[in-house]
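In: predicted model and sequence follow; I will ask about them next.
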Amino acid sequence: MRPLIVALLLTLICFDDFKTTFAEDFAYNGEMGPEHWSEHFSMCSGKHQSPINIDLVNVISRTYQIMTFNNFGTKPVSGEMLNNGHTVVVHFEYPENRPTVSGGPLDGKFVFEQLHFHWGDNDTIGSEDRINNVSFPAELHMVFRNDKYSTFAEAAAESNGITVLAYFYKIGENDNESYNEFTELLEEIVTPDTKAKFQEPPTLFQLTEISITQYYTYTGSLTTPPCSEDVTWIDFKTPITISAKQMDRFRHLNTYDNTPMTHNFRPLQPLNDRTVFSSIELTWEEDGNDNDIIKGRSAKPFVDILYGGAVVTKTIDLSNMIVMLLLNLLATTISLN
């Protein structure tokens, strides 16, 4: 019996060492900072890395099918947050089916895995992606895996295996009630490897409560090692509003070296040969005669690629757009004859 006990103790010690090593295998500064990630994780020097700056001048509008958000309003049966030394990671358990997202730029159905956050030491920096080189105080990442794969690790190793729904934050005067319990629980996980459980776990929709039809999308990577590529990014245009007090609670967390966790965002990566697209939302409306009309509303409302970059000042009905294109084609044909 004694040899068995000794073996079990050694196994536990080795496991704890592995857990610590895994949790501390990268940092946001020093010898394990982002400039050194590729020395240990070769994919971090890839050509399609995230985050990026989204330059609105070069964004191209594209029509996508309506995105479908299943079970985003389903209340979890339990929820737990963890300070993993790098960020706050939140896991939810559901009574039956987990939330899924499909449609839009996605090829397939993607299942919710976890969500986590990135932020800075003040309200002028913190988000990972930027819009016209402007940062937001924080950024929420909801991570999903393609349902073709049974585990996140398997999905991350495959093309089209992962998608990230990214939400920016802005500071408002009042507390966001959906974040009251969330930010209060942060005070219980100041030390790395500590956890806290929700009394009333929020739904995914409660954590966002913004327009989900206006977004930018591009192909990138995970923003932490191993920096796996072929990740579909969907950055929603409308920020989530929280108060300065709620935002500041994130900055009270500590990292493994017992310093404040106030800079956990990766530097910008080159866009290289990639294109960032802006969604043109397809919606169905009735015309009063029980007929469905498909309409388009662009997330980039003032520059529409379908008009060759011409400036427009209002949303364009796709049906009208098609008629105008046909009339232009007819006029060109007549002039040639």
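Out: Here it is on my side, so go on.

In: show me how the record splits the chain into domains.
Out: By the assignment in automatic domain parsing, the chain contains the domains 25-277, 280-336.

In: compare these and say which comes out lowest on pLDDT.
Out: Lowest mean pLDDT within those: domain 280-336, a mean of 43.

In: which residue ranges of the stretch 1-150 of the chain form helices?
Out: Counting by DSSP state H, counting those that start in this stretch, the stretch 1-150 of the chain has helices at residues 2-23, 37-40.

In: weakest of those helices by average pLDDT?
Out: Note on the helices of the stretch 1-150 of the chain: helix 2-23 shows the lowest mean pLDDT, a mean of 37.

In: tell me the contacts of D129?
Out: S50, P51, I52, N53, I54, E139, A166, W233, D235 (CB atoms under 8 Å, 6 or more residues apart in numbering). In this view, the C-beta of every residue, glycine as well, is placed from N, C-alpha and C.

In: whichever of these end up buried, select them in ChimeraX.
Out: Remark: buried members of the contacts of D129, expressed as a ChimeraX selection using 16 or more other CB atoms under 10 Å:
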select :50,51,52,53,54,139,166,233,235
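
In: looking at the contacts of D129, which is nearest F117?
Out: Of all the contacts of D129, E139 has the smallest distance to F117: 6.9 Å, by CB to CB.

In: circling back to that earlier point, tell me the most buried of the domains of the chain?
Out: With neighbours taken as mean count of other CB atoms under 10 Å, the domains of the chain reach their highest mean count in domain 25-277, at a mean of 18.

In: now go through the contacts of D129 and say which are in strands.
Out: When strands are assigned by DSSP state E, the members of the contacts of D129 inside them are N53, I54, E139, A166, W233, D235.

In: any figure for the gap between the fourth one and V231?
Out: Right, A166. 11 Å (CB to CB, to the nearest Å).

In: the stretch 151-300 of the chain: helices as residue ranges?
Out: All helices of the stretch 151-300 of the chain, identified by DSSP H, counting those that start in this stretch, fall at 152-156, 180-185, 204-208, 244-250.

In: between those, which one is closest to I171.
Out: When the helices of the stretch 151-300 of the chain are compared (using CB to CB), the closest one is helix 244-250, at 5.3 Å.
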